[in-house]
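K.L.:
Fold the following and give me the result.
(chains A and B)
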There are 2 protein chains.
Amino acid sequence: MLRFDVTTNDWVIFAPSRSVRPHDFQQRPKPQAGEELRPCPFCPGNEHMTPPEVFAVREGSTPNSPGWKVRVTPNKFPALRIEEDYHRGQDGRLFRHMGGCGAHEVIIDSPSHCLSLAQQPVEQVQLLLWALQQRYIDLMRDTRFQTIVLFKNHGEQAGTSLSHPHCQLIAASVVPHMLRHKLSVAAQYFDKTGECVYEALVEEELAAKERIVTANQHFVALIPYASGVPFETWILPRRRQSSFRWLDPSLLHPLAEILKNVLSRLHLGLHDPDFNLTIDTVPRGEEQGEYFLWHIQIHPRLTQPAGFEMGSGMSINPVLPEEAAALLREVNVDSLRST
Amino acid sequence: MLRFDVTTNDWVIFAPSRSVRPHDFQQRPKPQAGEELRPCPFCPGNEHMTPPEVFAVREGSTPNSPGWKVRVTPNKFPALRIEEDYHRGQDGRLFRHMGGCGAHEVIIDSPSHCLSLAQQPVEQVQLLLWALQQRYIDLMRDTRFQTIVLFKNHGEQAGTSLSHPHCQLIAASVVPHMLRHKLSVAAQYFDKTGECVYEALVEEELAAKERIVTANQHFVALIPYASGVPFETWILPRRRQSSFRWLDPSLLHPLAEILKNVLSRLHLGLHDPDFNLTIDTVPRGEEQGEYFLWHIQIHPRLTQPAGFEMGSGMSINPVLPEEAAALLREVNVDSLRST
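P.N.:
Okay, here's the model as predicted:
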């Protein structure tokens, strides 16, 4: 179920099935030392431990058996479900709710339990990006879905519960306020200047140079001028495009290349920090917009947001972007061997 | 220094002095087992370890010596400083910055190193609230400050670095976007209905009963209908008042009473969870507004926000507010003795 917060215009998803009872929170979750001894549901040979796959990159092997390169299954503990209702309802005068209709999928990066995305060959990163885009395209065919959030949680501080490297996606039948807000800010900038604010940012950053991490012919990686957390890194296309859905398949390779490059710099420069990766892209209905540029955001989890951040929505960032970018530029990425 | 994020309209504070170098992040901060062996700068007798106090509740003793009940000092590692500039400036065409002018203070709850606020007598909680209000009133005399954020970080997961119970405040010379946004939502509701949305919420919740945690003649504690995290609890006045600044001194006692009550329920019901507490109040210029109601928000840190929350701004909350409120209502608060 989702509920509307009348004070912020935010929708909140309630997914009580993700925890058995409120009592379960009485003891803080502790890292379980024995985890690696349990069979991993994402490893080849354990396909029966996940719900049946909805997509896979395979050459000839049978679904739900080994032989895949990337594998997509519904999340076993979904926040939203395709079977649920998506109608809005009213509780009394003030409270709005809606059904928990949506999709929640796991995209397993590769058969390898131990290699993180930074350590994978570019070709494997490209297959993963292709799988993410295919799922995005497929789920957008369901007109109940307004927004698709693609993300990766890397490491315990970033909220991972299973260590086998994987991404997730959540398709929701609402548009998050934060996304509407970003779109509105971008639209206002466009109305005022005739420009896409993200394109203008890329142009300014390329001219300034000091916050650029790396770049290739089609993409730029940079640490934004006003990044909220240390080493926050964005990867943006160099040509305007509102949605990740429209990325030309020929650009998946250069995207994989720059993503591996950036993740390698973080891995080597910061000793494999925990991070969240998200793909910012437009919701349904905004895909023809001229004012947004889809992009990847990487948020390393090096600091702990606390009362001030919660009370103000502002961030306190202890590292200047220029210094963070300089450190990442200096990393010798060739020292990370693909296996 | 502060910087303006042109894509979200958020200001970000850069405070590089809080960490020596970006390299410091290469090893994740680990809990230091020996911490309690080091002398605590907030304990009586160690007053020389903090910057000189700016305020204290004392009966006769000399400033910066023992004998205080609540003590306020500048933060030793401030995010903002009174001495800094507050003028805006432009870096190139797109990037705006401003000086890091502001104030960052620590309000030490009590002389006791070990008793949390829940375990303090109501009178001590009242003294602390009074001190917070006095600092708020005093700092608002400085017309460079637009917003004052009052908060408490309780426990390591909530971002505390020193275990002696304390609150903090940050006075900033900008208004955070999140606060503007909340005010705008409340103003729109007021324009449409003639009502304060927070008052309407309190009324609806009192009628519905199921999300009420506790109440007294002047305040109500409840778990909001669309709360973003498990056991998120708000304490709201029962009479409209835009700013914590205007709270009548006679209401500090009933506020202390309900705050201790709520914190005791969390302490006993959830085994002393880490939490952040913030006071939501209006910025300068909005203090005559009829559409906002200042209130306390408590966010227990029981879940870890991850990629989805970052990519969408939406929360996934695994516990229904009704169930959380029922659990907190059932706690026998008399079992927590004040010492």
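
K.L.:
all helices in chain A, in order from the N-terminus.
P.N.:
A:122-139, A:177-193, A:197-208, A:252-269, A:307-312, A:321-330 (DSSP state H).

K.L.:
Could you list the residues in contact with the first one?
P.N.:
So that's helix A:122-139. Counting contacts by CB atoms under 8 Å, 6 or more residues apart in numbering or on different chains, the residues outside helix A:122-139 that touch it are A:54-55, A:57, A:69-70, A:72, A:103, A:105, A:107, A:109-110, A:117, A:120, A:145, A:148, A:150, A:167, A:169, A:171, A:244-245, A:247, A:249, A:252-253, A:255-257, A:259-260, A:279, A:281, A:338. Backbone N, C-alpha and C define where each C-beta goes, glycine included.

K.L.:
Give me the subset of the residues you listed that also touch chain B.
P.N.:
A:150, A:279 (CB under 8 Å from any CB of the partner chain).

K.L.:
are any of the contacts of helix A:122-139 buried, and which?
P.N.:
Applying 16 or more other CB atoms under 10 Å in any protein chain shown to those, the neighbour count classes A:54-55, A:57, A:69-70, A:72, A:103, A:105, A:107, A:109-110, A:117, A:120, A:145, A:148, A:150, A:167, A:169, A:171, A:244, A:247, A:252-253, A:255-257, A:259-260, A:279, A:281 as buried.

K.L.:
re earlier: tell me the most buried of the helices of chain A?
P.N.:
Looking across the helices of chain A with neighbours counted as mean count of other CB atoms under 10 Å in any protein chain shown, the highest average goes to helix A:307-312: a mean of 25.

K.L.:
Dump the C-alpha coordinates for that one into PDB.
P.N.:
What follows is helix A:307-312, C-alpha atoms only, in PDB (Å, rounded to 0.1, in the frame of the first residue of the first chain):
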ATOM      1  CA  GLY A 307      19.500  15.200  12.700                       C
ATOM      2  CA  PHE A 308      20.500  18.200  10.700                       C
ATOM      3  CA  GLU A 309      20.100  16.600   7.400                       C
ATOM      4  CA  MET A 310      16.700  15.200   8.400                       C
ATOM      5  CA  GLY A 311      15.500  18.500   9.900                       C
ATOM      6  CA  SER A 312      16.600  20.600   7.000                       C
END
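
K.L.:
distance between the ends of stretch A:231-248?
P.N.:
From the first residue to the last, stretch A:231-248 extends over 28 Å; the measure is CA to CA, to the nearest Å.

K.L.:
List the buried residues in it.
P.N.:
Using 16+ other CB under 10 Å as the burial criterion, the residues of stretch A:231-248 that qualify are A:231-238, A:240-244, A:247.

K.L.:
mean confidence score for that stretch?
P.N.:
Model confidence over stretch A:231-248, given as mean pLDDT, is 95.

K.L.:
before we move on, the earlier item: let's have the helices of chain A in CSV, adding mean pLDDT.
P.N.:
Putting these into CSV (pLDDT from 0 to 100) gives the following:
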stretch, mean pLDDT
helix A:122-139, 98
helix A:177-193, 90
helix A:197-208, 93
helix A:252-269, 96
helix A:307-312, 91
helix A:321-330, 93
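
K.L.:
Might you report the residue contacts of A:Ser242?
P.N.:
For A:Ser242, the residues meeting the contact criterion (CB under 8 Å, 6+ apart) are A:281-282, A:286-294.

K.L.:
Mind putting those residues into TSV with distance to A:Arg180?
P.N.:
Shown next, in TSV, are the contacts of A:Ser242 (distance: CB to CB, whole Å):
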residue	distance to A:Arg180
A:Thr281	14
A:Val282	10
A:Glu286	9
A:Glu287	15
A:Gln288	17
A:Gly289	12
A:Glu290	17
A:Tyr291	13
A:Phe292	12
A:Leu293	17
A:Trp294	16
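
K.L.:
Can you verify my assumption that A:Arg239 contacts A:His218?
P.N.:
Yes: under the contact definition of CB atoms under 8 Å, A:Arg239 touches A:His218, with a separation of 7.4 Å.

K.L.:
Out of the helices of chain A, the one nearest B:Glu84 is which?
P.N.:
Shortest separation from B:Glu84 across these is recorded for helix A:307-312, at 17.3 Å, computed as CB to CB.

K.L.:
Is that closest one positioned near chain B?
P.N.:
Yes: between helix A:307-312 and chain B, judged by CB under 8 Å from any CB, the touching residues are A:307-308, A:310-312.

K.L.:
which two in the residues you listed are spaced the farthest apart?
P.N.:
Greatest spatial distance in the residues of helix A:307-312 next to chain B: A:Gly307 and A:Ser312, 9.1 Å, computed using CB to CB.

K.L.:
so what sits against both of the two?
P.N.:
Shared contacts of A:Gly307 and A:Ser312, defined by CB under 8 Å, 6+ apart, comprise B:Val149.

K.L.:
circling back: now that we have the helices of chain A, can you turn them into JSON lines and tack on distance to A:Cys43?
P.N.:
JSON lines is the format used below for these (distance: least, CB to CB, whole Å):
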{"stretch": "helix A:122-139", "distance to A:Cys43": "16"}
{"stretch": "helix A:177-193", "distance to A:Cys43": "35"}
{"stretch": "helix A:197-208", "distance to A:Cys43": "39"}
{"stretch": "helix A:252-269", "distance to A:Cys43": "22"}
{"stretch": "helix A:307-312", "distance to A:Cys43": "37"}
{"stretch": "helix A:321-330", "distance to A:Cys43": "32"}
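
K.L.:
right, so of those helices, which gets closest to B:Glu83?
P.N.:
Where these are weighed against each other on CB to CB, the nearest is helix A:307-312, at 20.1 Å.

K.L.:
who's in contact with that closest one?
P.N.:
Residues external to helix A:307-312 that are found in contact with it (CB under 8 Å, 6+ apart): A:314-316, B:79, B:147, B:149-153, B:158-159, B:168, B:170, B:172, B:176, B:178-179, B:276-280, B:297, B:299.

K.L.:
Cool, thanks, talk later.
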